[in-house]
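**Q** Predicted coordinates and the sequence they were generated for:
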Amino acid sequence: MEYINRSLERHVLNALKPNKVVILLGARRVGKTELINHILPQLGEDFLLLNGENVDTIDRLHRRSIDNLKSVLGNYKLLVIDEAQAIPDIGLKLKLMVDHIEGLRILVTGSSVFDLDNQLGEPLVGRKTTLTLFPLAQMEFAPLEQRVQTSTNLTKRLIYGGYPELEHLTTPEEKQEYLTEQVSSYLLKDVLAFEGIRKRSKIVSLLRMLAFRVGSEISMESMGNDLGLNKNTVDRYLDMLSKVFIIQNLRGFSRNLDNEITKKSKWYFYDNGIRNALINNFNGLDLRDDHGQLWENYLVAERLKRQQYTRLHTNNYFWRTHTQQEIDWVEERGGQIHAYEFKWKKGAKAKAPSSWVRAYPDATFSVVTPDNYLDFILPTAT
């Protein structure tokens, strides 16, 4: 299959300015390197491309001095570093470059926020733009598909997700093998390097627990008891897993009611295929009983991609009361509240809960089903 244009491409190109650093984040194998290779020829200039995981690159950039960095760059005015989080003190080194080499443009990628953003954050204040690339979004598939194809492909994406390399694989067995390998060899690489390989079994067990509980509120204390970990350790692991773009946290929404739940969280996976690989279930929909979880996780992931790629600035929540009234997805944007209920059944109807209507009478309420979900996840949605 030919290269699929990524929605983030224009944002990268627009952000590449003299004496600025563009940071492209994303999980391993979501297509960061491929995106860079697609962008570079469009820039029409010579560039220096380095790989941060190559020991030669680390050696070349070892000395944090202006003279050394100028020597490495030579006459290049465009520097690209793939997997830059592996380079010690990379933030300070990039700061020296953009501060002292006139006209230099820098693009770096990383698969770990807790490594890369921590190193780049403070040194590059006012000098950087941070962008995040996710597995392929429906808004990226849309230009290549007729509406009937999209409907047919929905089932496949609920099961296998949107990692780019899957588009080159033809059989279910190949897709399953790829996703299983992704989980076992690549996905946790940054977490395990940071935490130590001896923690692998606990981290995988935690992820599997989240995979089975998609869409449910999570108590870190309860999860810790199940895993033999204390609450603070569970919290730290969840934070790390979110910073390598495996899972996403959703908090409870509240403004008015004493009985609204706000202290617990829900956790979703950025990709359905990764979720299904963790629980080792790639069965078709007719052999599953988790349709609602698949549907909810897919919609949340696609909505997050759409928000990021179109610069739709929102605060996202779920809503529930102690009396079990609930709404799956709540957005605060532009001073307004918008509520959405997710239903897998076609033609499903639902009314906003009475407590919600009383507390937030000006909020909008919509039901998202397979009949209208594209209005929720494609750029025309509001």
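**A** On my side now, so go ahead. Numbering: from 1, shown residues only.
**Q** CA atoms for contacts and neighbours, from now on please.
**A** Fine.
**Q** Quick one: end-to-end length of stretch 69-82, please.
**A** Here the two ends of stretch 69-82 are set 17 Å apart, with distance taken as CA to CA, to the nearest Å.
**Q** again with stretch 153-172
**A** 13 Å.
**Q** And for it, what's in contact with it?
**A** 1, 29-31, 135-137, 175-176, 178-179, 271-274, 276, 282-285, 294-295, 298 (CA atoms under 8 Å, 6 or more residues apart in numbering).
**Q** now, which of these lie within helices?
**A** 175, 176, 178, 179, 272, 273, 274, 276, 294, 295, 298 (DSSP state H).
**Q** Take those residues and lay them out in CSV including distance to residue 308.
**A** As requested, the ones in helices among the contacts of stretch 153-172 are arranged in CSV below (distance: CA to CA, whole Å):
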residue, distance to residue 308
175, 27
176, 28
178, 26
179, 24
272, 18
273, 20
274, 20
276, 24
294, 21
295, 20
298, 16
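**Q** Mind picking the two most distant members of those residues?
**A** 178 and 295 (22.0 Å; CA to CA).
**Q** what residues does the one helix or strand residue 40 maps to touch?
**A** Residue 40 is part of helix 32-43 when elements are defined by DSSP states H and E. Here helix 32-43 makes contact (CA under 8 Å, 6+ apart) with 6, 9, 13, 24, 25, 26, 82, 109, 133.
**Q** related to what we said a few turns ago, would you turn the ones in helices among the contacts of stretch 153-172 into CSV with neighbour count and distance to residue 185?
**A** Formatted as CSV, the ones in helices among the contacts of stretch 153-172 follow (neighbours: other CA atoms under 10 Å; distance: CA to CA, whole Å):
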residue, neighbour count, distance to residue 185
175, 21, 15
176, 22, 14
178, 19, 10
179, 25, 10
272, 26, 18
273, 30, 15
274, 25, 12
276, 24, 16
294, 23, 24
295, 21, 27
298, 24, 24
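**Q** Show me what the helix or strand hosting residue 71 is packed against.
**A** Residue 71 belongs to helix 66-73 when assigned by DSSP H and E. Applying 3 or more CA pairs under 8 Å, 6 or more residues apart in numbering; DSSP states H and E, we find helix 66-73 packed against helix 90-100.
**Q** Now residue 233: closest residue in space, sequence neighbours ignored.
**A** residue 224 (7.9 Å; CA to CA, 6 or more residues apart in numbering).
**Q** Who are the packing partners of the helix or strand that neighbour falls within?
**A** Taking DSSP H and E as the criterion, residue 224 maps to helix 220-227. When contacts are defined as 3+ CA pairs under 8 Å, 6+ apart, helix 220-227 sits against helix 200-212, helix 231-243.
**Q** Any chance of a markdown table for the ones you listed, columns mean neighbour count, distance to residue 19 and mean pLDDT?
**A** Shown next, in a markdown table, are the helices and strands packed on helix 220-227 (neighbours: other CA atoms under 10 Å; distance: least, CA to CA, whole Å; pLDDT from 0 to 100):
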| stretch | mean neighbour count | distance to residue 19 | mean pLDDT |
| --- | --- | --- | --- |
| helix 200-212 | 17 | 40 | 92 |
| helix 231-243 | 18 | 27 | 90 |
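**Q** Indicate which one of those helices is closest to residue 349.
**A** helix 200-212 (26.2 Å).
**Q** just the angle between the closest one and helix 231-243, please?
**A** Between helix 200-212 and helix 231-243, the angle comes out at 70 degrees (axes from the mean of the first three to the mean of the last three CA atoms, to 10 degrees).
**Q** How far away from the center of its chain is helix 200-212?
**A** 18 Å (CA atoms, centre = their mean, to the nearest Å).
**Q** Quick check: what element follows the lowest-mean-pLDDT helix or strand in the chain along the chain?
**A** The weakest-scoring helix or strand in the chain, judged by mean pLDDT, DSSP states H and E, is helix 113-120 (a mean of 58). Sequence-wise, the next helix or strand downstream of helix 113-120 (DSSP H and E) is strand 128-132.
**Q** Outside of the helix or strand following that next one itself, list whatever touches it.
**A** Scanning forward in sequence from strand 128-132 by DSSP H and E, the next helix or strand is helix 138-141. Defining contact as CA under 8 Å, 6+ apart, one finds that helix 138-141 is touched by 4, 5, 6, 7, 302, 306, 377, 378, 379.
**Q** cool, stretch 59-76 as well?
**A** 46-48, 79, 87-88, 92-93, 96-97, 100-101, 104.
**Q** how about a cut-off of 10 Å?
**A** 45-48, 50, 52, 55-57, 79, 87-90, 92-94, 96-97, 99-101, 103-105 (CA atoms under 10 Å, 6 or more residues apart in numbering).
**Q** Between the two ends of it, what distance do you get?
**A** Rule used - CA to CA; the end-to-end distance of stretch 59-76 is 19 Å.
**Q** Helix, strand, or coil at the nearest residue to residue 315 once chain neighbours are set aside?
**A** Nearest residue to residue 315, sequence neighbours excluded (CA to CA, 6+ apart): residue 332, at 5.1 Å. Secondary structure, DSSP: H, G, I helix; E, B strand; the rest coil: residue 332 is strand.
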